[in-house]
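Colleague: The following comprises the amino acid sequence and a computationally predicted model.
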Amino acid sequence: MKASPAFALAEIMVAVVLATVVMLGLFAIFSSTFSFQKQGSIKDKARSGELMSLESMSRDLEAATYVNSPSSSTVSDQYGSVLSGCANFDPRIASILGTDGRIDGTKSVHAFAYCVDSNGKLWYFAEDNNTAAQIPALCKPATPYTCVTLTATGLPGGVPAPLYQSAPVVLAQPVSLDSCGTSCQNYFRRPVNVSDLVELHYVVGTSTSAATVNTGIAFVGALR
C-alpha cells in the first residue's frame, strides 16, 4: 500500500499565512465592534448624566422660593460653581417678621445644592429641615457654600431628603465648562437684573462623546 505524501514545507507556510490573515481579520472585526460598543456606552453614560442633572435641577428650581448661589445682582452677571437654594423660605420674611423665614410655618424647608468639584464630578445635596434655629443658616449661610465644604460636610443641620438618605449623589461625570467663550465664567450663571433665571453651562463626557447643556431655567417664587 502506497503511503500518502507528506505536506511540503511550502504548503504548510501557505496555510499558516492564510490562517494568520483570517485571524487578523477576525481580530479587527471584534476590536472594531468592542470599540463601537465602548463609545456607545460612554455616550449613553454622558447623556444619562445630562438628563438626570437637568431633571433634578429643574425640579428644585421650579419649587425654589429662594436661590442663594449664584446671587442675583442689578450690577453684573453672577457666576458660580455652586447652585444652592431653598423651597418654602424667603429671607425677607425672616428679616421683617423676625421668624425663621418659612413661608408656610407648618412645613419643612427643602434645601438643595449642586456643585462641580476639581475632579469634574457634579454633586447633588438635599435636606429637609423644620428646625427654626437652623433654617436661616441653611438657606442663607453667612459664608457661601463651596464644593470643598459641601463634599466634606454636606449641608449643615437637618436630615437628608428621603430620596438621598444614604449619601450625596454624583449626578454626572466628567463635567467641564462648555464652549460659550467669554460669556461663560463658571458652571452656573444668573444674568444681571433677572432674578428668576439660572443658566447652566457645562459639558458632560469627553471631547468625543460630549453632551452640552446651555439652558436657562426659570423658577418661580420670591427670588432675590
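Modeller: Perfect, I can see it now.

Colleague: Show me where the protein has its helices.
Modeller: Counting by DSSP state H, the chain forms helices over residues 9-63, 91-97, 135-139, 147-153, given from the N-terminal end onward.

Colleague: So for the last one, what gets flagged as buried?
Modeller: Of the residues in helix 147-153, those scored as buried under the neighbour-count criterion (16 or more other C-beta atoms under 10 Å) are 147, 149-151. C-beta coordinates here come from the backbone N, C-alpha and C atoms, glycine included.

Colleague: need the helix or strand of the protein with the lowest average pLDDT.
Modeller: Per-element confidence for the chain was summarised using mean pLDDT, DSSP states H and E. The lowest value among helices and strands belongs to strand 211-218, with a mean of 43.

Colleague: sorry, back to before: could you tell me the least trusted of the helices of the chain?
Modeller: Mean pLDDT is lowest for helix 9-63 out of those, coming in at a mean of 69.

Colleague: neighbours around residue 202, how many?
Modeller: Other residues lying near residue 202 total 25 when counted by other C-beta atoms under 10 Å.

Colleague: Please tell me how far it sits from residue 86.
Modeller: Between residue 202 and residue 86 the computed distance is 23 Å (C-beta to C-beta, to the nearest Å).

Colleague: likewise residue 66?
Modeller: 5 Å.

Colleague: Identify the contacts common to these two.
Modeller: By C-beta atoms under 8 Å, 6 or more residues apart in numbering, residue 66 and residue 86 have these common neighbours: residue 139.

Colleague: Settle it for me: which of the two has more neighbours?
Modeller: Relative neighbour count places residue 86 above the other of residue 66 and residue 86, with 29 against 25, counting by other C-beta under 10 Å.

Colleague: who's that one bridged to?
Modeller: Per DSSP bridges, residues listed as beta-bridge partners of residue 86: residue 66, residue 111.

Colleague: wait, what's in contact with residue 81?
Modeller: The neighbours of residue 81, taking C-beta under 8 Å, 6+ apart as the test, are 115-116, 146-147, 186-188.

Colleague: burial measure for the closest residue to residue 201 other than its chain neighbours, as a count.
Modeller: If the residues on either side of it in the chain are set aside, residue 201 comes closest to residue 184, at 4.5 Å by C-beta to C-beta, 6 or more residues apart in numbering. Residue 184 is flanked by 16 other residues according to other C-beta under 10 Å.

Colleague: With residue 15 instead?
Modeller: 11.

Colleague: and what of residue 103?
Modeller: The burial metric for residue 103, expressed as a neighbour count using other C-beta under 10 Å, is 17.

Colleague: I'd like the numbering to begin with 788 instead of 1 from here.
Modeller: With 788 as the first residue, the last one maps to residue 890.

Colleague: The closest residue to it other than its chain neighbours: neighbour count?
Modeller: What sits nearest to residue 890 in space, not counting adjacent residues and going by C-beta to C-beta, 6+ apart, is residue 875, at 5.2 Å. Using other C-beta under 10 Å, residue 875 has 25 other residues around it.

Colleague: In terms of pLDDT, where does residue 864 sit?
Modeller: Residue 864 carries a pLDDT value of 87.

Colleague: Just want to check the distance between it and residue 980.
Modeller: The gap separating residue 864 from residue 980 is 10 Å, by C-beta to C-beta.

Colleague: Those two: which has the busier surroundings?
Modeller: It is residue 864, of residue 864 and residue 980, that has more neighbours when counted by other C-beta under 10 Å, with 15 against 11.

Colleague: Can you name the residues that contact the more buried one?
Modeller: By C-beta under 8 Å, 6+ apart, the contact list for residue 864 reads 976-979.
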